[in-house]
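# got a sequence here, can you model it:
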Amino acid sequence: MSFDVPREVVLPVDRVEVRLNPAPHPFALAHAAQIAANWRTERAANPELFNGEMVLLSSLAYHGRRLTGRCHMVRYAAFLYWRKHRDASAAAHAFAHAALVTADNALLAIRMGRHTVNPGAVYFAAGSFEPVDFPAGVADLHGNMAREVLEETGLNIDDAPRDPAYHAFSQAAGTVIFRRYRLGIDADAAAERVADFVAAEAEPEISGPVVIRSADDLPVGILPHMEAIVRWHFGPDATEGPE
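Below is the predicted model:
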């Protein structure tokens, strides 16, 4: 297992090759009893948690504007236990963000619902990679992003213009791979659509939309990796246009 990605810097990424290994993750095997005990504690505190399938990395590297890696399917319980202990030598977490850009250049984020594992947190609509996100054994980033955005906000980004390249930002908490998608409507209209979608949902995952209009417009609850993306988007280095 090896992890070789520069941290605390936004990296341009032309290609992502993260493959799903069918073998169990060594971390999950080594800590099975502790994972089970921690899950009982987590469920007692939040009975709405679901022990679904997701993936954890066993390797990730960045070279020549390429991200390559290997991951394994685990249960959500294993991720929660790993997150609590952050054993960076044994596993790592990666996730994808569709950075939604409105016609007036604002960013459209979301605030997570109170019943979730990240209550009140602000970031782009997203979810951890699942086995379904590897239709040919390799991570389908757009598929993951589009599904999560649609499920949480009701917005369909399949045909939205997007930047030609991905970018990545890595911290001890995990590595986010993101790409800007252009919505074609202004921030107020986009936020209204999301708010209407949330109001119509029986059990919405988010509490509502959050509009970010500048590098200094950082809402309460924004996660550290989101601050980096926001500052990059509104900074001088983010000059790429959509495809």
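
# CA atoms for contacts and neighbours, from now on please.
OK.

# mind checking what secondary structure residue 59 has?
strand (DSSP: H, G, I helix; E, B strand; the rest coil).

# OK, contacts around it?
Contact analysis of residue 59 by Cα atoms under 8 Å, 6 or more residues apart in numbering lists 1-3, 69-71, 91-92.

# what about the nearest residue to residue 204 once chain neighbours are set aside, which helix or strand?
With sequence-adjacent residues excluded and distances taken as Cα to Cα, 6 or more residues apart in numbering, residue 204 is closest to residue 198, at 5.8 Å. Here residue 198, judged by DSSP states H and E, is contained in helix 187-200.

# and for that helix, what's in contact with it?
Counting by Cα under 8 Å, 6+ apart, 102-104, 106-108, 152-155, 183, 204, 206-211 sit against helix 187-200.

# immediately after the lowest-mean-pLDDT helix or strand in the chain, which helix or strand?
Across the helices and strands of the chain, the lowest-confidence element by mean pLDDT, DSSP states H and E is strand 2-4, at a mean of 88. For strand 2-4, the succeeding helix or strand toward the C-terminus, using DSSP H and E, is strand 10-13.

# and the next helix or strand past that following strand?
Strand 10-13 is succeeded, C-terminally, by strand 15-21 (DSSP H and E).

# next, the buried residues of that next one.
16-21 (16 or more other Cα atoms under 10 Å).

# now do stretch 37-47
Those buried within stretch 37-47 under the rule 16+ other Cα under 10 Å are 38-39, 42.

# what is the lowest-pLDDT residue among these?
Lowest in pLDDT among these is residue 42, which has 93.

# tell me the SS of the closest residue to it other than its chain neighbours?
Ranked by Cα to Cα, 6+ apart and with sequence neighbours excluded, the top spatial neighbour of residue 42 is residue 49, at 7.9 Å. Recorded secondary structure, residue 49: coil (three-state DSSP).
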